[in-house]
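Participant: What follows is a predicted protein model with its sequence.
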Amino acid sequence: MARVQNWVLPALTAIAVAAACGLGFLSHAPNRIVPGRPLPLHAVAGTAMLWVLAILAAGLLVLAFRRPGQRTTLLTGSALLAALILILAAAGTGAAALANPEVPAARTSLGPAFWLILAALALAFIDLAQQAGLSTRARLLLAIAILAPVVGMAALGWFDALSLAREYRARSDVFAAALRQHVFLVASTALVAVSLGVPLGIRATRRPRFRRRLFAVLNIVQTVPSIALFGLMIGPLSSLAEAVPGLKAVGVSGIGTTPALIALICYALLPLVRNTVTGLDAVPAATIDAAQGLGMRRNQILLQVSLPLALPVILAGLRIVIVQTIGLAVVAALIGAGGLGAFVFQGLGQNALDLVLLGVIPTILLALATDAAFSALAANGEPKR
């Protein structure tokens, strides 16, 4: 009797099938205010498309019984990619079929079934990469192979009838400015955090008493909720800007970019300082002794021996900082810092889910792209065997 070799695949397939059968795939509403009418997958996809999706689901169940191998990986990946393209095509063609030029205010949004199926496919791709033992470079190539048809379909206008695409077209100029502001907040925070965090970490490795006090302060800052910390910046900076007119002239105020950057930098310091200390402490004592035996001075040992050896750990801390800041910068929109968070809170205030997604989806993609870039950097730094 055949045994299931991969229980994850049938479980995810079952979740996707249940979502497609029991939940709305698209939601159609006459305007943004009125709740949408859920439409299941079979109501928006053609018969041929449904049959192909059913065959792919059955094929994935069969593949779960096959022994892991290169051919099984290739077949599974091809089936998942085909299912992804068909699901996206169903969403695009379904929204186009529902579009009515006589009702320009009508909205067709992606329903819960679409997002559950998309999540199941994403988890299946992740499981596939783990089962196959793909290297970092191979995983990046897999991600490109997944994103290429999605980007191509978007460029060809397959998703133009979806309300998410309509929200983007209506705010394309504002979106570009918000994206630039978001990247500016993240890049500025990372730059200042590295400039402060690494020297503090170096000092902490040399002075145990300073280390204890520094980590006590940074741990307290890290426990303060982000919204509270952003709010705490408003009063002191407003008073400071009133007391020193020159500060207001250069942009310092209780709301805006300045308090957001200060709060984001405060949150970013702990991961960088902690990883710098961890990396420097991990340098073998024998290596330090050998450098001293060669006549190297203290600063020479730090710059030429200790820091290069600790660099992978420091970069891991920087990776945490940037990904964390990408998410926290969304909350910074509450105090007027701008960025992608502005769309999120505008959408929440207007009960417009697609406007929320206009800020959420790019934020997620930025975080994933950053994580992938650091993974590739780490892979390139690994010694070849």
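Facilitator: Now that the structure is in, tell me what you want to look at.

Participant: quick one: residue 27 is in a helix?
Facilitator: No - checked against DSSP: H, G, I helix; E, B strand; the rest coil, residue 27 lies outside a helix; its state is strand.

Participant: give me every residue that touches the closest residue to it other than its chain neighbours.
Facilitator: Distance criterion CB to CB, 6 or more residues apart in numbering; nearest residue to residue 27, sequence neighbours excluded, is residue 36 at 3.3 Å. All C-beta spots, glycine's among them, are computed from the backbone N, C-alpha and C. Contacts for residue 36 (CB atoms under 8 Å, 6 or more residues apart in numbering) come out as 24, 27-29, 107, 109, 111.

Participant: cool, residue 275 as well?
Facilitator: By CB under 8 Å, 6+ apart, the residues touching residue 275 are 201, 313-314, 316-318, 320.

Participant: Now neighbour count, pLDDT and distance to residue 82 too, for those residues, in a markdown table please.
Facilitator: Conversion of these to a markdown table gives the following (neighbours: other CB atoms under 10 Å; pLDDT from 0 to 100; distance: CB to CB, whole Å):
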| residue | neighbour count | pLDDT | distance to residue 82 |
| --- | --- | --- | --- |
| 201 | 25 | 94 | 49 |
| 313 | 19 | 92 | 41 |
| 314 | 21 | 93 | 42 |
| 316 | 16 | 92 | 36 |
| 317 | 25 | 93 | 40 |
| 318 | 23 | 94 | 38 |
| 320 | 18 | 93 | 36 |
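
Participant: what about residue 193, how many residues close to it?
Facilitator: Using other CB atoms under 10 Å, residue 193 has 25 neighbouring residues.

Participant: Ok, residue 72 next?
Facilitator: Using other CB under 10 Å, residue 72 has 19 other residues around it.

Participant: could you point out where the protein is predicted with low confidence?
Facilitator: 1-2, 247-251, 380-385 (pLDDT under 70).

Participant: hey, where'd the helices end up in the stretch 251-385 of the chain?
Facilitator: 257-281, 285-293, 298-301, 307-331, 341-350, 353-381 (DSSP state H, counting those that start in this stretch).

Participant: Now render those helices as TSV, adding distance to residue 233.
Facilitator: As requested, the helices of the stretch 251-385 of the chain are exported to TSV (distance: least, CB to CB, whole Å):
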stretch	distance to residue 233
helix 257-281	3
helix 285-293	41
helix 298-301	36
helix 307-331	12
helix 341-350	16
helix 353-381	22
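
Participant: so of these, which one's packed in deepest?
Facilitator: Counting by mean count of other CB atoms under 10 Å, helix 257-281 has the highest mean neighbour count of the helices of the stretch 251-385 of the chain, with a mean of 22.

Participant: so which helix or strand takes in residue 108?
Facilitator: strand 107-110 (DSSP states H and E).

Participant: List the buried residues for the next helix or strand after that strand?
Facilitator: Proceeding N to C from strand 107-110, the next assigned helix or strand is helix 112-132, under DSSP H and E. Neighbour-count burial for helix 112-132, with 16 or more other CB atoms under 10 Å as criterion, is recorded at 113-114, 116-118, 120-121, 123-125, 127-129, 131-132.

Participant: contacts for helix 112-132?
Facilitator: Contacts with helix 112-132, where a contact means CB under 8 Å, 6+ apart, come from 6, 8-9, 12-13, 15-16, 19-20, 22-26, 40-41, 60, 68, 70, 73, 76-77, 80, 83-84, 87, 91, 138-139, 142, 146.

Participant: If I take that helix and helix 353-381, what angle do their directions form?
Facilitator: Counting by axes from the mean of the first three to the mean of the last three CA atoms, to 10 degrees, helix 112-132 lies at 10 degrees to helix 353-381.

Participant: Return the set of buried residues in the helix or strand just after helix 112-132.
Facilitator: Sequence-wise, the next helix or strand downstream of helix 112-132 (DSSP H and E) is helix 136-155. Neighbour-count burial for helix 136-155 flags 136, 139-140, 142, 146, 153 (criterion: 16+ other CB under 10 Å).

Participant: Kindly report the same for stretch 153-171.
Facilitator: Within stretch 153-171, judged by 16+ other CB under 10 Å, the buried ones are 153, 158-159, 161-168, 171.

Participant: distance between that stretch and the chain's centre?
Facilitator: In terms of CA atoms, centre = their mean, to the nearest Å, the centre of stretch 153-171 is found 21 Å from the chain centre.

Participant: circling back: and of the helices of the stretch 251-385 of the chain, who's closest to residue 191?
Facilitator: helix 257-281 (9.6 Å; CB to CB).
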